[in-house]
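In: Any chance you could fold what I've pasted below:
(chains A and B)
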Protein chains: 2
Amino acid sequence: MISKSQIKLITSLSRKKYRDQHGFFVAEGPKVIDEFIAEGVALQLHFSTEISNIESSGIDQITHQELKKISNLTNPNTSLAVFKFPKQKIVAENGVRLVLDGIQDPGNLGTIIRLCDWFGISQIICSKDTVDCYNPKVVQATMGSLARIAISYVDIKDVLGETDTPIYGGVLGGQSLYAEKMATDCYLVVGNEGNGISEEIMALLTHKVTIPQYGVSQKTESLNVATATAILLSEAMRPTEK
Amino acid sequence: MISKSQIKLITSLSRKKYRDQHGFFVAEGPKVIDEFIAEGVALQLHFSTEISNIESSGIDQITHQELKKISNLTNPNTSLAVFKFPKQKIVAENGVRLVLDGIQDPGNLGTIIRLCDWFGISQIICSKDTVDCYNPKVVQATMGSLARIAISYVDIKDVLGETDTPIYGGVLGGQSLYAEKMATDCYLVVGNEGNGISEEIMALLTHKVTIPQYGVSQKTESLNVATATAILLSEAMRPTEK
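Out: Purely as a prediction, here's the structure:
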């Protein structure tokens, strides 16, 4: 059973304004929901169309029609849950810290969060104009990874302006990424899908690195930011050669 | 002006069966279309809603309504063209040859084609159950890259079964990707999004490599196949350390 006020709350959470106001976000599908529960993220509401399969209590049964009303998915799964934002984790003071300067596409942010989880990067620092990590598309793309990474939205100019730690940035026309081993403790900045790293952040980079383009034609304009981040993180994390 | 038979032809090309029958595929938007023209791919039909801006001849003006009828995009651009399949290029006999074993998602194939173009990989060998590279979503995602890479759909078991060249495969639980420099001449196999490399191909691999997972939690199930391919190709192409 779902109440009118619950429907109103849940549908409002598709907008950042209301997510921030309530401190809640929506996750869908048993697999994704279970990942967040397993990570200890506080569950607020939990609905399912398949109550018979569920052992735990506190799950409300709803019809497929009701689920369709509250779902953000084109093809709703069997369940939907509302979680509280995880507590802001302690900010990493060493290791590789990824900085996102204006990433707009939820799919790209989702892929990047999964990559960080894979590579053990515990901290992502986002510019305030980066897409919200509790955007439903990001939540579905990252699955539990979202609960394991500290993601903060700050004025990245302030963070990078104050540090003595090396600041790498993925750019076009910089030094080959492979030319020099990246520092173990560093900030690594990747920029917006269309415009790259913004001018004011570009000025703060201590190392401008580029993934060399080997094609004879060299006509590919750029790599997708998520695949470029994959390559940059792999280089940052790979052990030094024997 | 667009005729009824042209509309019928173009809409039929959203299906692989008819693309193969005619040897034609559809590209949309001036930027993508211009890339294919620049690569010398033979143009069959070319329609635009913005004839005034176009200098070249042979472009037929159509209304936005007509474009909507023939477009594969949710938000149609201003132009649509039909191209002939590019001629099958000479198959690479050395270097890194990427092998795709059952990639299903057009977005992933598109990203992988762009990656190959970036890294100068001239040849992609696809299993017959890999998504068609002339699928409209792949065409839009790859832009001109599609014209610069030789893509063949074959029985990959036959190709890999006959060669003495090392065959690397991206797997879970293999040797660390970073442990050993990959051979300059090799096949590199990546597998299906859900199931990875198929059993019969797995048996043909000479090197099973894994992108090490550094996360303390190690709960991320797997990397997206396109980001994994990015990392594998970067390792295959990176120069040996001094």
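In: Only C-alpha atoms from now on, for both contacts and neighbour counts.
Out: Will do.
In: what's the single longest strand in chain A?
Out: Counting by DSSP state E, the longest strand found in chain A is strand A:167-176.
In: hmm, who's touching the helix or strand of chain A with the lowest mean pLDDT?
Out: Taking mean pLDDT, DSSP states H and E as the measure, the helix or strand of chain A with the lowest value is helix A:145-148, at a mean of 87. With Cα atoms under 8 Å, 6 or more residues apart in numbering or on different chains as the contact definition, helix A:145-148 has outside contacts at A:36, A:39, A:41, A:86, A:113-114, A:117, A:122, A:133, A:139, B:219-220.
In: Let me see the ranges of the helices in chain A.
Out: Under the criterion DSSP state H, helices of chain A are mapped to A:4-12, A:16-22, A:30-38, A:64-70, A:106-119, A:136-142, A:145-148, A:156-161, A:199-202, A:225-237.
In: so can I have JSON lines of those showing mean neighbour count?
Out: What follows is those, written out as JSON lines (neighbours: other Cα atoms under 10 Å in any protein chain shown):
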{"stretch": "helix A:4-12", "mean neighbour count": "14"}
{"stretch": "helix A:16-22", "mean neighbour count": "15"}
{"stretch": "helix A:30-38", "mean neighbour count": "17"}
{"stretch": "helix A:64-70", "mean neighbour count": "16"}
{"stretch": "helix A:106-119", "mean neighbour count": "25"}
{"stretch": "helix A:136-142", "mean neighbour count": "22"}
{"stretch": "helix A:145-148", "mean neighbour count": "24"}
{"stretch": "helix A:156-161", "mean neighbour count": "14"}
{"stretch": "helix A:199-202", "mean neighbour count": "14"}
{"stretch": "helix A:225-237", "mean neighbour count": "23"}
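In: In terms of mean pLDDT, which of these ranks lowest?
Out: Here the lowest mean pLDDT among those goes to helix A:145-148, at a mean of 87.
In: hmm, back to that, so which of the helices of chain A gets nearest residue B:107?
Out: helix A:106-119 (11.2 Å; Cα to Cα).
In: quick one: the closest one to helix B:225-237, angle?
Out: For helix A:106-119 against helix B:225-237, the angle by axes from the mean of the first three to the mean of the last three Cα atoms, to 10 degrees is 60 degrees.
In: From the contact counts, what lies against helix A:106-119?
Out: Contacting helix A:106-119 under the criterion 3 or more Cα pairs under 8 Å, 6 or more residues apart in numbering or on different chains; DSSP states H and E are the following elements: helix A:136-142, helix A:145-148, helix A:225-237.
In: Take those and write them to JSON lines, including distance to residue B:2.
Out: Shown next, in JSON lines, are these (distance: least, Cα to Cα, whole Å):
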{"stretch": "helix A:136-142", "distance to residue B:2": "38"}
{"stretch": "helix A:145-148", "distance to residue B:2": "49"}
{"stretch": "helix A:225-237", "distance to residue B:2": "38"}
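In: Indicate which one of those helices is closest to residue A:171.
Out: Checking the helices and strands packed on helix A:106-119 against residue A:171 by Cα to Cα gives helix A:225-237 as the closest, at 10.0 Å.
In: ok, so what distance separates the closest residue to residue A:37 other than its chain neighbours from residue A:34?
Out: Computed as Cα to Cα, 6 or more residues apart in numbering or on different chains, the closest residue to residue A:37 that is not its neighbour in sequence is residue A:43, at 7.1 Å. Counting by Cα to Cα, to the nearest Å, the gap between residue A:43 and residue A:34 amounts to 10 Å.
In: go on, residue A:156?
Out: Distance, residue A:156 to residue A:34, using Cα to Cα: 33 Å.
In: Check residue A:71 too.
Out: As it turns out, when the distance is counted by Cα to Cα, residue A:71 lies 17 Å from residue A:34.
In: now do residue A:22
Out: 22 Å.
In: got it, and residue A:62?
Out: Using Cα to Cα, one gets 18 Å for the distance from residue A:62 to residue A:34.
In: what do you get for residue A:150?
Out: Looking at residue A:150 against residue A:34, where the rule is Cα to Cα, the gap reads 19 Å.
In: Any residues of chain A in contact with chain B? List them.
Out: Proximity of chain A to chain B (Cα under 8 Å from any Cα of the partner chain) is limited to residues A:111, A:114-115, A:117-121, A:144-145, A:178, A:212-216, A:218-220, A:222-224, A:226-228, A:230-231, A:234, A:238-239, A:241.
In: how about a cut-off of 7 Å?
Out: A:114-115, A:117-120, A:145, A:178, A:213-216, A:218, A:220, A:223, A:227, A:230-231, A:234, A:238 (Cα under 7 Å from any Cα of the partner chain).
In: just to revisit the earlier point, out of the contacts of helix A:145-148, which one sits closest to residue A:173?
Out: residue A:113 (26.2 Å).
In: Can you get me a residue count around residue A:82?
Out: The number of residues packed near residue A:82 is 20, by other Cα atoms under 10 Å in any protein chain shown.
In: I figured it hits residue A:43, correct?
Out: Yes - between residue A:82 and residue A:43 there is a contact under Cα atoms under 7 Å: 6.2 Å.
In: And chain A, what are its domain boundaries?
Out: Chain A breaks down into these domains under automatic domain parsing: A:4-84, A:96-237.
In: ok, back up a step: what about dumping the CA coordinates of the longest strand of chain A to PDB?
Out: The C-alpha coordinates for strand A:167-176 follow below in PDB (Å, rounded to 0.1, in the frame of the first residue of the first chain):
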ATOM      1  CA  ILE A 167      47.500  18.400  -9.700                       C
ATOM      2  CA  TYR A 168      47.200  16.400 -12.900                       C
ATOM      3  CA  GLY A 169      44.700  17.300 -15.600                       C
ATOM      4  CA  GLY A 170      43.600  15.300 -18.600                       C
ATOM      5  CA  VAL A 171      44.000  17.800 -21.500                       C
ATOM      6  CA  LEU A 172      44.600  17.900 -25.300                       C
ATOM      7  CA  GLY A 173      48.100  18.700 -26.400                       C
ATOM      8  CA  GLY A 174      49.800  18.100 -23.000                       C
ATOM      9  CA  GLN A 175      52.700  15.700 -22.100                       C
ATOM     10  CA  SER A 176      52.200  12.100 -23.000                       C
END
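In: List the buried residues of it.
Out: Using 16 or more other Cα atoms under 10 Å in any protein chain shown as the burial criterion, the residues of strand A:167-176 that qualify are A:167-172, A:175.
In: Pick out the lowest-pLDDT one from those.
Out: Per-residue confidence over these reaches its minimum at residue A:172, where pLDDT is 90.
In: Might you report the residue contacts of it?
Out: Contact partners of residue A:172, counting by Cα atoms under 7 Å, 6 or more residues apart in numbering or on different chains, are residue A:210.
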